[in-house]
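Chemist: When you get a sec, could you give me coordinates for this:
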Amino acid sequence: MKSMKTSAPVRRAGAAALGIAAVLALAACAPPGAAQPSEAPTDGETATGTLKVGYISPITGNFAIAGQEMVDGWNLYWEVNGNEVNGVTVETIVEDDAGNPETSLTKAKKLVESDGVDVVIGPLLANTALAVAAYTSSVGIPSLQPVAAADDLTQREANDLTVRTGSQSGSQTNFPGGQWAAREGHKTAVTLCPDYAFGWESCAGFKQGFESEGGEVVAQYWFPNGTSDFSTYVSQIQAAGADIAFVATAGGAPGPDFLRSFLGLGLGESQELLMNCCGMDQATLRALGPEIEGFKSVSYWAEGRDSDAVREFSEAYGERYDGKLPSANVAGGYMTASLVAAVLEENGLVTGEELVAAITEYTFEDSIFGRVSWDDYNNTVGPVYIREVQEVDGNWVNVPIETFEDVDQWLGKDPEEAMQQPTYSQSFQG
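Modeler: As a prediction, the model looks like this:
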């Protein structure tokens, strides 16, 4: 269990007590750079002032498209709604880490120690997010994670000040995918995932979900980052002869590249396939379109969900970005902004532990992801969708065909039991 984590009952009491005492405490013992209310509130009032946000994302380098989308989602919310909420002005400073952990840490220190931010949002990648979260927690600054999927952000390396705000952990999302595949009648499966932590966690989630429903994973394959020719891996999938293949990528080019090899070798009609969130994200749909109509994937984000929140978000994004539909990276940034705005609207200016307490006690009844809440380790609990590629109003869209509600990060285990396991790897898949 998180040794530094405040118990749930205490956290609830803390969230309920936000007011004069909380603001005075913040003013007296806030960390360097913490926001100061412009005026101390009186009874029944909330503090106002400026919430200074540092936003770290890879907007250059190999992950630039995903990183820029993450920033675009955050900015979109404030463009549409204005950056003042309940007397609090939200001011954002964006820093580029190019996907490098050392750069991420340098930028985080600059934002906290020079710019005096109250909260750091991002970065995108698992290793960069873990590095930044460890630093920010050590200096009393909250870290909000819109996209990073590393399990240990909210497990073994969890801390009181780090919150996953716009995604789920890698194993969490894919566990229902395995359950669904087995319930569809598939008895055997083969998996293909990237050969690093995100891939190991994604495949572990699917494998455990599949096996929990009586299925058998007969082979697992791993590809290195930078792979563009997937023909060898597609041949291995074909040779395995499994009922269904689960394939995960981290987004960008590998999704379309894999599917081109998959279709090119003629497996489109003969091999059942389930992709992960990123492998069948909007970048893939835009690249391949009608070639992958009817293909299925599993994700916490479904741009084709019948929801006013999703429609409003998608329309706002499309108006600003040439009619495009938003990806999971855009959704993560937007969801984080929505959450910050909701907390400020309810509480006024809050920072530090009070900001985290307010976030993790909040429940979005119908966010762009659906009904979302937070567990005692600051991880999201929410729906996971089995999606199918369909044409809707001239666009190729991931439309939910089945929903798993209230999915947590523990894959059917007790939290203590789950964290006593080794971390996921090629050799340990649960």
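Chemist: contacts and neighbour counts: CA atoms only from here.
Modeler: OK.
Chemist: Partner strands of the helix or strand that contains Tyr221 and their direction?
Modeler: Assigned by DSSP states H and E, Tyr221 belongs to strand 216-223. Strand pairing for strand 216-223, using DSSP bridges, gives strand 188-194 (parallel).
Chemist: Compute the distance from the centre of the strand it pairs with to the centre of its chain.
Modeler: In terms of C-alpha atoms, centre = their mean, to the nearest Å, the centre of strand 188-194 is found 22 Å from the chain centre.
Chemist: avg pLDDT for the strand holding Tyr221?
Modeler: The predicted model assigns strand 216-223 a mean pLDDT of 98.
Chemist: Check which residues of it are buried.
Modeler: 216-217, 219-223 (16 or more other C-alpha atoms under 10 Å).
Chemist: Could you measure from Ala47 over to Glu345?
Modeler: For Ala47, the distance to Glu345 equals 11 Å [C-alpha to C-alpha, to the nearest Å].
Chemist: which one of these two has more residues nearby?
Modeler: Counted by other C-alpha atoms under 10 Å, Ala47 and Glu345 do not tie: Ala47 has more neighbours, with 25 against 16.
Chemist: So which residue is dead centre in the chain?
Modeler: Ser167 (2.0 Å; C-alpha atoms, centre = their mean).
Chemist: In contact with that residue, which residues?
Modeler: 145-149, 300, 332, 380 (C-alpha atoms under 8 Å, 6 or more residues apart in numbering).
Chemist: Now for those: which two are most distant?
Modeler: Gln145 and Tyr300 (14.9 Å; C-alpha to C-alpha).
Chemist: and the gap between Leu411 and Lys296?
Modeler: In terms of C-alpha to C-alpha, Leu411 sits 22 Å off from Lys296.
Chemist: Same check on Ile386?
Modeler: Ile386 sits at a distance of 7 Å from Lys296 (criterion: C-alpha to C-alpha).
Chemist: So those two - more neighbours on which side?
Modeler: For Ile386 versus Lys296, the count of surrounding residues by other C-alpha under 10 Å is larger for Ile386: 27 against 22.
Chemist: wait, is that one part of a strand?
Modeler: Yes. Counting by DSSP: H, G, I helix; E, B strand; the rest coil, Ile386 is found in a strand.
Chemist: Please look at it and Glu405 and confirm they touch.
Modeler: No. Using C-alpha atoms under 8 Å, Ile386 is not in contact with Glu405, being 11.5 Å away.
Chemist: list the contacts for Leu344?
Modeler: Contacts for Leu344 were tallied using C-alpha under 8 Å, 6+ apart; they are 85-86, 88, 350.
Chemist: Could you identify which of the residues you listed has the most neighbours?
Modeler: Greatest neighbour count in these, by other C-alpha under 10 Å, goes to Val350: 30 neighbours.
Chemist: tell me the pLDDT at it?
Modeler: Predicted confidence (pLDDT) for Val350: 96.
Chemist: Quick check: it vs Val343, distance?
Modeler: On the measure of C-alpha to C-alpha, Val350 and Val343 end up 8 Å apart.
Chemist: any chance of the buried residues of strand 216-223 in CSV, plus distance to Val120?
Modeler: Listed next are those as CSV, based on distance: C-alpha to C-alpha, whole Å:
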residue, distance to Val120
Glu216, 42
Val217, 40
Ala219, 40
Gln220, 37
Tyr221, 36
Trp222, 33
Phe223, 32
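Chemist: starting at the chain centroid, how far to the strand holding Tyr221?
Modeler: Averaging C-alpha positions (C-alpha atoms, centre = their mean) puts strand 216-223 25 Å from its chain's average.
Chemist: contacting residues around it?
Modeler: Where contact means C-alpha under 8 Å, 6+ apart, the residues beyond strand 216-223 that reach it are 187-195, 207, 210-211, 233, 240, 242.
Chemist: which two from the residues you listed end up farthest apart in space?
Modeler: Among the contacts of strand 216-223, Lys187 and Asp195 lie farthest apart (C-alpha to C-alpha), at 25.1 Å.
Chemist: Neighbour count for the two, which is higher?
Modeler: Each of Lys187 and Asp195 has its neighbours counted (other C-alpha under 10 Å); Lys187 has more, 19 against 16.
Chemist: Who are the contact partners of the spatially closest residue to the more buried one that is not a sequence neighbour?
Modeler: Of all residues not flanking Lys187 in the chain, Gly215 sits nearest, at 4.8 Å (C-alpha to C-alpha, 6 or more residues apart in numbering). By C-alpha under 8 Å, 6+ apart, Gly215 lies in contact with 182, 186-189.
Chemist: if we go to 7 Å?
Modeler: By C-alpha atoms under 7 Å, 6 or more residues apart in numbering, the residues touching Gly215 are 182, 187-188.
Chemist: before we move on, what about Leu144?
Modeler: Taking C-alpha under 7 Å, 6+ apart, we find Leu144 in contact with 120-122, 162-165.
Chemist: Please list the members of the residues you listed that lie in strands.
Modeler: Using DSSP state E, the members of the contacts of Leu144 that fall in strands are 120-121, 162-164.
Chemist: In terms of pLDDT, where does Phe346 sit?
Modeler: Not Phe; residue 346 is Glu. At Glu346, pLDDT is 95.
Chemist: Flag every buried residue along the helix or strand hosting it.
Modeler: Element membership of Glu346, judged by DSSP H and E, is helix 328-347. Buried residues in helix 328-347, counted by 16+ other C-alpha under 10 Å: 328-345, 347.
Chemist: related to what we said a few turns ago, between Gln145 and Tyr300, which one's more packed in?
Modeler: Ranked by neighbour count (other C-alpha under 10 Å), Gln145 and Tyr300 place Gln145 first, with 29 against 26.
Chemist: For Thr403, grab the count of nearby residues.
Modeler: Counted with other C-alpha under 10 Å, residues neighbouring Thr403 total 16.
Chemist: hey, where'd the helices end up in the stretch 301-430 of the chain?
Modeler: Applying DSSP state H, counting those that start in this stretch to the stretch 301-430 of the chain gives helices spanning 308-320, 328-347, 352-360, 415-420.
Chemist: Let's have those helices in a markdown table, adding distance to Met280.
Modeler: Output for the helices of the stretch 301-430 of the chain, formatted as a markdown table (distance: least, C-alpha to C-alpha, whole Å):
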| stretch | distance to Met280 |
| --- | --- |
| helix 308-320 | 17 |
| helix 328-347 | 10 |
| helix 352-360 | 30 |
| helix 415-420 | 29 |
